[in-house]
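Asks: return a 3D structure for these sequence lines:
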Amino acid sequence: MKLELEDLLLVVDAREALQDIHQHLPAGVRLRAAKVNLTLGAYLARGGFGELNANPFRHEVLGLTYLSASGPVEVGGIVVKNVSGYDLTRLVIGAGVEAFQSANLRLRPEAGSRLYRTPEKPSFEDLKKQGWAYAWRTSTHTYVEGDQDAPAGHEQVEYCTDPVTEDIRGPLNLQPEQNDLTRKVLDTLQLKTGD
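Replies: Now for the predicted structure:
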């Protein structure tokens with residue numbers, strides 16, 4: 001893991017657990033990713049996780065390296081671009097393929113979010129209306145993450161270490177539905193779709 005505070009950049013191996021990444025960050029610096037029990041590679045393959053009122057995770061990825069049938073491919077970079085256009089990084093993220101080797105992640109100069117859990121099962125729609133950035137479920141708890149104070153009946157925790165079973169998109173499945181365009185992109189990039 002390589003942290004460049006001056007540039008608000010974190011270069012990290014895709015096998016790193018999100019919990020370890022969050023713990024590595026100093027106070028006053030934040031990675032906008034849920035504090036969920038997944039590796040960065042699984043998080044990238046899914047395209048993020050549990051976003052209710054948060055930007056999609058692909059907006060936090062400046063560059064990445066993935067493994068194709070032809071070998072490693074580097075896309076993106078290490079700086080925030082102020083132009084729009086074709087961006088291969090955004091096409092690969094969320095494709096459901098865990099072939100990521102590393103990622104260059106944008107950090108934010110802001111305080112970290114707070115994570116709470118409850119044994120209750122409120123609807124994701126209600127949690128979104130309450131302004132939570134992220135929400136997901138395990139077999140025993142519902143987790144919410146954001147900048148709010150603890151709601152009644154919730155316990156504050158540092159990280160979710162339980163296996164996740166469901167988020168706003170439904171049951172946890174790291175192989176999202178792939179349409180024809182996604183399959184064509186994955187074939188062009190020489191990545192396996194699992195079909």
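Asks: okay, CA-based contacts and neighbour counts for the rest of this
Replies: Fine.
Asks: ok, the most centrally placed residue in the chain - contacts?
Replies: Geometric centre of the chain, nearest residue: Gly48, 3.3 Å, by Cα atoms, centre = their mean. With contact taken as Cα atoms under 8 Å, 6 or more residues apart in numbering, Gly48 is in contact with Ala33, Pro56, Phe57, Arg58, Gly94.
Asks: look up how far Arg114 lies from it.
Replies: Distance, Gly48 to Arg114, by Cα to Cα, to the nearest Å: 18 Å.
Asks: cool, and Tyr159?
Replies: Taking Cα to Cα, one finds Tyr159 at 9 Å from Arg114.
Asks: ok, those two, which is more surrounded?
Replies: Between Tyr159 and Arg114, Tyr159 has the larger neighbour count (other Cα atoms under 10 Å), namely 21 against 17.
Asks: does the nearest residue to the more buried one once chain neighbours are set aside count as helix, strand or coil?
Replies: Distances taken as Cα to Cα, 6 or more residues apart in numbering put Lys35 closest to Tyr159, at 5.5 Å, once the chain neighbours are dropped. Of the three states, Lys35 takes coil under DSSP: H, G, I helix; E, B strand; the rest coil.
Asks: how about the secondary structure of the residue of the chain positioned farthest from its centre?
Replies: Distance from the C-alpha centroid of the chain peaks at Ala152, with 27.3 Å (Cα atoms, centre = their mean). Following three-state DSSP, we place Ala152 in the coil state.
Asks: roughly how far does it sit from Lys129?
Replies: Noted for Ala152: a distance of 16 Å to Lys129, by Cα to Cα.
Asks: how about the helices of this structure, start to end?
Replies: Along the chain, the segments classed as helices by DSSP state H run 18-24, 40-46, 88-92, 124-129, 180-188.
Asks: quick one: closest of these to Leu5.
Replies: Evaluated over the helices of the chain, closeness to Leu5 peaks at helix 18-24, with 12.0 Å, by Cα to Cα.
Asks: quick one: low-confidence parts of the protein?
Replies: 80-87, 98, 169-186, 188-195 (pLDDT under 70).
Asks: where do the strands of it begin and end?
Replies: Here the chain has its strands, by DSSP state E, at 2-4, 9-13, 61-68, 71-76, 100-106, 114-118, 134-138, 142-146, 155-157, 164-167, 170-171.
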